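Asks: what's the 3D shape of this:
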Amino acid sequence: MTSALRSLPDTVLGPLDRREVPAARAVHERLRAAILSLELAPGVSLSEQEIAQRLGVSRTPVREAIGRLVEDGLVTVYPQVGSFVRRIDLDDVIEAQFIREALEVAAVRRAAEHGATDGLERLRRRIEEQREAATSSDVGRFFAADVGLHNIVFELAGYPGVWKRLRSVGFQMDRLRRLSLPGPHTLDELIAEHEQVVDAIEAGDAARAEATIRAHAQRILTYAPQLAREHPDYFEGSAAADAASVGR
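Replies: Alright, predicted model coming up:
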C-alpha cells in the first residue's frame, strides 16, 4: 500500500530550502499546514524517518516538530506504536467556536463603533479574492483569504495580536471548516456573509455587524454533525459519537 506521505507532492512535503531555519520550526510549519489543509488526513501515520527523507533533514528536527504538533493538539503519539495525525474532536471544536464567537463579536462591534473606514478597501479585496477562488475552485486560496479577512477585522478593532492567538485555539475548527469548503453553495454563502459584515462596519451599524458575525461564527455548529456522519474516520470524541447517531 502506498504511504500517505509518499503520495504527497513536493509542494507539500518536499526538500526544505536551506534558508528555512531553524529546521525544527520549518518542519513544524510545513507539517502543520499539511494537516490543517487535510492533505495529511486525520488518522494518518507519521513516520519520522520518511518525513526526514522527504524534507532532507535529520530525524531530530522532525521529532521536535512532532512534539510541537502534539502541543498544538494536531498529533497524537502512542508509545511503542507511533505518531498519528489526531482526529478532529468535536468537543474541542465546540469550545473553540465559543471562544471565537465571543471575541469576534466584540471585535466587529468595536470596528463598527470606531468607524474603521481605513481598512474597508483591504476587507473588500479579501472578499474579491474569495470570489475569484470560488470561481476557480481553489479552496486553499479561499481559506487564506478568509483568514486574512478575519485578521483585518481584529486589526481594525485595535487588537492585531488577538487573531493569531485565536487561531492557535481553533486548529481543530480550522480542519472542520476546510472539510466543509468544497461545496460551491457553502463558498457563496460565506462570501455573502462576509459582505454583510463589511457593509455593517462601513455603515457604522454595530448592532447589525454583531448579529451578522454571530450568525457567521455559529455556522460551523450547524454542519459539524453532518460532516461527522459523512467522514466518521476523521472524528473522535463523544460529540462525534452523538453526531453519528443522529437520524438513525
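Asks: tell me how far the spatially most central residue of the chain lies from L166.
Replies: Central residue of the chain (Cα atoms, centre = their mean): D174, 2.5 Å from the mean position. Remark: distance between D174 and L166 (Cβ to Cβ, to the nearest Å) = 11 Å. In short, each C-beta sits where N, CA and C put it, glycine included.
Asks: same deal with L16?
Replies: 28 Å.
Asks: between the two, which one's more packed in?
Replies: L166 (20 against 17; other Cβ atoms under 10 Å).
Asks: for that one, which three-state class applies?
Replies: Judged by DSSP: H, G, I helix; E, B strand; the rest coil, the three-state class of L166 is helix.
Asks: what's the closest residue to S47 other than its chain neighbours in contact with, if anything?
Replies: Leaving aside its chain neighbours, S47 sits nearest to L5 (6.5 Å; criterion: Cβ to Cβ, 6 or more residues apart in numbering). With contact taken as Cβ atoms under 8 Å, 6 or more residues apart in numbering, L5 is in contact with 13, 40, 44, 46-47, 50-51, 54.
Asks: L5 should be in a strand, yeah?
Replies: No: under three-state DSSP, L5 falls outside any strand and is assigned coil.
Asks: before we move on, the earlier item: give me the buried subset of the contacts of L5.
Replies: Taking 16 or more other Cβ atoms under 10 Å as the criterion, what is buried in those is 13, 40, 44, 46-47, 50-51, 54.
Asks: measure R100 to A33 for me?
Replies: 20 Å.
Asks: so which of the two has more stuff around it?
Replies: The neighbour count for R100 versus A33, taken as other Cβ under 10 Å, is higher for R100 (19 against 13).
Asks: average pLDDT for whichever strand or helix holds that one?
Replies: Element membership for R100, per DSSP states H and E: helix 90-113. In this model, helix 90-113 has a mean pLDDT of 93.
Asks: so what secondary structure elements neighbour that helix?
Replies: helix 139-157, helix 162-169, helix 171-180, helix 184-203, helix 206-230, helix 238-245 (3 or more Cβ pairs under 8 Å, 6 or more residues apart in numbering; DSSP states H and E).
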